[in-house]
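Q: After the sequence you'll find the predicted model.
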Amino acid sequence: MGYSVKPFFVFYNIKNKRLRLANMNLILHDIPEDRVRFFPLSLTRPVSELRTGIFTIAEKWRKAMQMDISYSTVEYLSEKFPLSVGIQNLVINCRLIPDQKLVTAINNLSIQEGLFQGDTFIACLTDKSGFENNLRKLDLSKIKPIEYSNKLNQITHITDLYIKNASEIRSDFSKLTHRNGKISDPHTICYNPEQIFIGKETTIKSAILDADSGPIFIGDRVTIHPGSVIVGPAAILEDSVISIGSKICSCTTIGPTCKVGGEISQVVFQGFSNKTHDGFLGSSVIGEWCNFGAGSNNSNLKNNYSDVKLWDYEVGEFSDTGLQYCGLIMGDYSKCGINTMFNTGTVIGISANIFGNGFMPKFIPSFSWGNNEGFVDYKIEKAMETIKTVMKRRDKVFNEEDKDLLQHIFDFTAKYRGRM
């Protein structure tokens, strides 16, 4: 990567209260009852692997603590996202986002001490037996509680990923230690270039980069084609391509290795997804390996300006979000054909294949194949063959871990199919 991030602190020893970095093991802990609030995206990853801002939550902790991380999550994800338990383990609630005050408080923990805010577990420091015997099951009875009074920066619902995206882009951008705002193309216009980061081997031609309202981060090997407009705060990560004449509006993150075009507003692409052609996408979260057909659009605001309802996996029905702007939530590996229309507050699961005219149902379960006239099960074998082909095009391998993970999701989500 063509940038580095300032660490919040470095561990040091004072009367044995501080622990040396070499002796520490950082574990991001999925809280079981929280995971369902981030379905369908958390079906294929730990919550901490979700992206908001420039980085995923796990990347934010890795950079803040200058430590490798591992994951304490549900069993079927543990092969792909392994757990490492050391002699001394710093265990952190996966939905929390680091800031200076929180990191300082964590740094002050002694062994078998933990931070709490009311009933909310924040973080604790424990030895190997303490984790294996208690913390793995989130048994906190052996942890000495310390009340944390500062405001927590956290995600509590999947919609927070796009709601918090602008502030997280600003926060992540402020921690960059090296910024390069120089663009060789004489036909590209930059407003507030001090707030524009350009990565290595990136190509930009005849574009407008407007960072007056927030920073713009453009990673390594990005291609921005002529006529594109990018308004900050915005982030376009490594190896992504922005199509000719695209409008990337503020509060948008394009994750790594995406191809994106049309009008995009307040959207977070996790990565490896394509929306190459014209069409509007707003107030949405898109997983990995998704694909949008040409001319596809979504609504993110109701005609009567009332709050949007969204499928709630926790209660098994639609629930009021309290949000005026809420568009599309699309799980990994899902696809839609040309001119597909999605209504406000639409949720699509994992590996759905959608096509046809008219607005689609507002909840499409994982491994569904069809349109607004009806859906059938997308056979797992055919779904996997398509996924293998798509990943091979990006020089990625669909392995046995991926196969077992998707088989589990296929079986787990069978109860939702037929409810559209």
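A: Noted; the coordinates are in hand.
Q: isn't Asp312 right up against Asp320?
A: No. In this structure, Asp312 is not within contact of Asp320 by C-beta atoms under 8 Å, at 9.3 Å. C-beta: built from backbone N, CA, C; applies to glycine.
Q: the more surrounded of the two?
A: Neighbour count, other C-beta atoms under 10 Å: between Asp312 and Asp320, Asp312 has more, with 18 against 12.
Q: what is the more buried one paired to in the beta sheet?
A: Under DSSP bridges, the beta-bridge partners of Asp312 are Glu317.
Q: For Val347, see how far away it is.
A: 9 Å (C-beta to C-beta, to the nearest Å).
Q: Got the domain ranges for the chain?
A: 21-156, 162-416 (automatic domain parsing).
Q: any chance of these in a markdown table, plus mean pLDDT?
A: Formatted as a markdown table, those follow (pLDDT from 0 to 100):
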| stretch | mean pLDDT |
| --- | --- |
| domain 21-156 | 93 |
| domain 162-416 | 95 |
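Q: can you give me the helices for this structure?
A: Secondary structure of the chain (DSSP state H): helices at 32-35, 57-65, 100-107, 128-133, 160-163, 165-174, 380-393, 400-412.
Q: Indicate which one of those is closest to Glu238.
A: With C-beta to C-beta, the closest approach to Glu238 among those belongs to helix 57-65: 12.6 Å.
Q: The closest residue to Met391 other than its chain neighbours - how many residues pack around it?
A: Closest residue in space to Met391, ignoring its immediate chain neighbours: Phe398 at 5.0 Å, by C-beta to C-beta, 6 or more residues apart in numbering. For Phe398, the neighbour count with other C-beta under 10 Å is 18.
Q: please begin residue numbering at 28 from this point
A: Let's use 28 as the start, then, which means that last one is Phe425.
Q: Test my guess that Phe425 contacts Met411.
A: Yes. At 7.1 Å, Phe425 counts as touching Met411 under the criterion of C-beta under 8 Å.
Q: picking that back up, list the residues that contact the residue nearest to Met418.
A: 411, 414-415, 418-419 (C-beta atoms under 8 Å, 6 or more residues apart in numbering).
Q: Phi and psi next, for it.
A: Note on Phe425: its backbone torsions stand at phi -80, psi 110 [degrees, to the nearest 10].
Q: For Lys415, see how far away it is.
A: In terms of C-beta to C-beta, Phe425 sits 4 Å off from Lys415.
Q: Ok, Tyr175 next?
A: 46 Å.
Q: And for Val312?
A: Applying C-beta to C-beta to Val312 and Lys415 gives a distance of 25 Å.
Q: So which of those two has more stuff around it?
A: Legend: neighbour count by other C-beta under 10 Å for Val312 and Lys415, higher for Val312 (29 against 15).
Q: if we can go back for a sec, just the buried members of the contacts of Phe425?
A: 411, 414, 418 (16 or more other C-beta atoms under 10 Å).
Q: Please enumerate the strands of the stretch 328-447 of the chain.
A: Under the criterion DSSP state E, counting those that start in this stretch, the stretch 328-447 of the chain contains strands at 335-339, 344-350, 355-357, 362-363, 368-369, 373-375, 380-381, 390-391, 395-398, 401-404.
Q: Now do the buried residues in the last one.
A: By that I understand strand 401-404. 402, 404.
Q: now, which of the buried ones among the contacts of Phe425 sits nearest Asp212?
A: Met418 (32.8 Å).
Q: Would you tell me which of the helices of the chain gets closest to Leu179?
A: Of all the helices of the chain, helix 127-134 comes closest under C-beta to C-beta, at 7.2 Å.
Q: for that closest one, which positions count as buried?
A: In helix 127-134, counting by 16+ other C-beta under 10 Å, buried: 129-130, 132-134.
Q: Does anything pack onto it? Which helices or strands?
A: strand 147-154 (3 or more C-beta pairs under 8 Å, 6 or more residues apart in numbering; DSSP states H and E).
Q: so what strands line up beside the strand it packs on?
A: strand 115-120 (antiparallel), strand 140-144 (antiparallel).
Q: Report the buried residues of it.
A: 148-154.
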